[in-house]
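Engineer: one predicted model, sequence on top.
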Amino acid sequence: MKAIILAGGSGTRLYPVTQLINKNFLSIYNKPMIYYPLSLAILIGIRDICFIINPQDEDVFKKLFSYLKKIGINVSYVIQVKPNGLAEGLILAEDFIKDSPVLYLLGDNILFGHGLTDYLKEAKKEIEEKGGAYVFGYYLNDPERFGIVEFDKAGRVLSIEEKPKAPKSNYAIIGVYFFDSKAVEFAKKLILLIEGNLK
């Protein structure tokens with residue numbers, strides 16, 4: 001399995017500080033924010049990691065992560081000129097993914113505790129053995145402010161909706177996804193579907 005970490009965007013909600021620096025480099029406690037998703041990938045045994053980044057941030061990312069090769073982590077970078085959604089990130093990383101299953105993470109989410117690493121290891125194993133996809137959610141009392149995933153009683157996804165006025169569940173998407181090797185194929189179909197609906 002490989003990992004992709006989305007680390008682009010402009011961070012406008014954090015202006016003025018993000019006018020000078022990518023939000024993923026902002027320090028949270030004792031390390032840059034981007035270290036949190038990177039740590040999750042490494043903790044579950046992933047050694048091939050690709051960052052989707054802004055063109056202007058490439059040199060900083062390469063400098064920050066130059067040491068990873070020394071500890072057995074292979075790092076790749078894919079430039080995203082402007083953010084166009086999660087599906088585009090998968091498509092841009094097609095050459096990196098090839099025929100591998102993938103862990104897909106948002107670079108600006110800080111996740112830890114609650115047995116998360118064990119849950120991720122279980123999901124990784126299941127995707128590698130059986131295929132399919134996983135999305136993780138977290139129960140909230142105010143779901144209308146977030147992307148919401150609706151599950152059936154068996155835990156299968158019924159719907160995903162961004163900031164709904166009438167949420168179908170209280171589970172917010174936390175920016176952690178597992179996909180089998182068909183991820184790019186489905187991302188391309190989704191883009192075509194969206195473009196078709198906009199015409």
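Structural biologist: In hand now; what should we look at?
Engineer: what are the boundaries of the helices in this structure?
Structural biologist: Counting by DSSP state H, the chain has helices at residues 35-43, 58-64, 86-92, 94-97, 116-130, 183-198.
Engineer: got the contact list for the shortest one?
Structural biologist: Contacts of helix 94-97 from elsewhere in the structure, counted by Cβ atoms under 8 Å, 6 or more residues apart in numbering, are 2, 4, 48, 50, 76, 78, 90, 181, 183-184. All C-beta atoms are positioned from the backbone trio N, CA, C, and that covers glycine.
Engineer: out of these, which are buried?
Structural biologist: 2, 4, 48, 50, 78, 90, 181, 183-184 (16 or more other Cβ atoms under 10 Å).
Engineer: and the residues you listed, which two are the farthest apart?
Structural biologist: The most widely separated members of the buried ones among the contacts of helix 94-97, counting by Cβ to Cβ, are Val78 and Ser181 (17.8 Å).
Engineer: do you know how far Ile42 is from Ile49?
Structural biologist: The gap separating Ile42 from Ile49 is 8 Å, by Cβ to Cβ, to the nearest Å.
Engineer: quick one: common contacting residues for these two?
Structural biologist: Ile73.
Engineer: the two - which one has more neighbours?
Structural biologist: Ile49 (23 against 17; other Cβ atoms under 10 Å).
Engineer: and that one, what are its bridge partners?
Structural biologist: Ala3, Val75 (DSSP bridges).
Engineer: and the angle from the longest strand seen in the chain to helix 183-198?
Structural biologist: For the chain, the strand reaching the highest residue count under DSSP state E is reported as strand 171-179. Orientation note: strand 171-179 sits at an angle of 130 degrees relative to helix 183-198 (axes from the mean of the first three to the mean of the last three Cα atoms, to 10 degrees).
Engineer: what's the neighbour count on the nearest residue to Tyr36 once chain neighbours are set aside?
Structural biologist: With sequence-adjacent residues excluded and distances taken as Cβ to Cβ, 6 or more residues apart in numbering, Tyr36 is closest to Ile110, at 4.7 Å. For Ile110, the neighbour count with other Cβ under 10 Å is 11.
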